[in-house]
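Colleague: task: produce atomic coordinates for the following.
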Amino acid sequence: MSRIFLLSPAHCGGERARLVLNDGAAFDIARRVRAGPGAPLGEVFSFLSGLYFRGKLSYARAFARPPDGRVGVYVITPTEGLRPADEPVDLERLRQFASVDIEGDDPRYRKPLDRDARRLAGRIGEDGEVILLGSIATGKYVDPLLAALGERLRFPVDFVGRGDMSRGGLLLRCVRAGTELTYVGVRDVVRRGPRPPRLAPVQAVRAAGRRGAGAAPSEASL
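Modeller: Numbers count the residues shown, from 1 in each chain. Sure thing, here's the model as predicted:
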């Protein structure tokens, strides 16, 4: 089955974004968005957001299966609809992103997203699915995407009840383990749920794996 991922954006008006946009900034990402075509959008947003976006990007790259072998990971942007995660973004475009707060009724955000969601619906076909790695607690992402994609819009059920940091950690662990999460239709998922248990420290998970490595498999796993 074809599978494309959509990543919710990093906050372009936060402290890290202000660091990048500062005219005196001289660190790597800040230099690269000022030179040539810019730096990859996914890399820039990973800097702005930290663990959560880095987890989303790594996971989506690991498990995307685009129908035409081309772009499998898109980022929702404040003003340009859906853009490929590997597309270079320069300082001017970042400033444009920072000028718009994402609100479902703002045409500067909504019109490009509606346009690109319809195009994506045609590209993915009737049998493909689109996985949203982002919040479904409000309609700012869900409403325009559902209108275009319907039942093809899906969401990791293990996200329900988790905060951003927990989601980011979960996604990175899935990438390391080569294990994909379970997806459900966005219309079917409970948008707010009880908080799941904390993720065990990575060291504890590795130790448990080593202890169980030599054990005989149970009947249920055969």
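Colleague: contacts only, for Phe5.
Modeller: Applying Cβ atoms under 8 Å, 6 or more residues apart in numbering, we find Phe5 in contact with Lys56, Tyr59, Ala60, Phe63, Ala64, Gly72, Val73, Tyr74, Val130, Ile131, Leu133. Where you see a C-beta, it was placed from the backbone N, CA and C, and this is true even at glycine.
Colleague: phi and psi next, for it.
Modeller: Its backbone dihedrals place Phe5 at phi -110, psi 140, with angles given as degrees, to the nearest 10.
Colleague: that one pairs with what?
Modeller: Val73, Ile131 (DSSP bridges).
Colleague: return the distance of it relative to Leu145.
Modeller: 12 Å (Cβ to Cβ, to the nearest Å).
Colleague: same check on Leu113?
Modeller: When Cβ to Cβ is the yardstick, Leu113 and Leu145 sit 8 Å from each other.
Colleague: for Val157, same thing?
Modeller: Computed as Cβ to Cβ, the Val157 to Leu145 distance reads 17 Å.
Colleague: circling back: for Phe5 and Leu145, list the residues in contact with both.
Modeller: Shared contacts of Phe5 and Leu145 (Cβ under 8 Å, 6+ apart): Val130.
Colleague: give me the contacts around stretch 40-49.
Modeller: Under Cβ under 8 Å, 6+ apart, the answer for stretch 40-49 is 7, 9-12, 14, 16-17, 20, 29, 33, 38, 53-54, 57, 73, 75, 77, 83-89, 94.
Colleague: hang on, the earlier thing: most neighbours among the contacts of Phe5, which one?
Modeller: Lys56 (29 neighbours; other Cβ atoms under 10 Å).
Colleague: about what we covered before: buried only: go through the contacts of stretch 40-49 for me.
Modeller: Buried members of the contacts of stretch 40-49, scored by 16 or more other Cβ atoms under 10 Å, are 7, 9-12, 16-17, 20, 29, 33, 38, 53-54, 57, 73, 75, 77, 83, 85, 87-89, 94.
Colleague: more neighbours: Val157 and Leu145, which one.
Modeller: When Val157 and Leu145 are compared on other Cβ under 10 Å, the one with more neighbours turns out to be Leu145, at 27 against 14.
Colleague: would you mind measuring from Tyr141 to Leu113?
Modeller: Taking Cβ to Cβ, one finds Tyr141 at 8 Å from Leu113.
Colleague: do the same with Leu146
Modeller: Noted for Leu146: a distance of 12 Å to Leu113, by Cβ to Cβ.
Colleague: tell me the contacts of the closest residue to Val75 other than its chain neighbours?
Modeller: Of all residues not flanking Val75 in the chain, Leu7 sits nearest, at 4.9 Å (Cβ to Cβ, 6 or more residues apart in numbering). Counting by Cβ under 8 Å, 6+ apart, Leu7 makes contact with 42, 45, 53, 56-57, 60, 73-76, 85, 133-134.
Colleague: how about Leu51?
Modeller: Shown here is Leu51, whose contacts under the criterion Cβ under 8 Å, 6+ apart are Asp164, Met165, Gly168, Gly169, Leu172.
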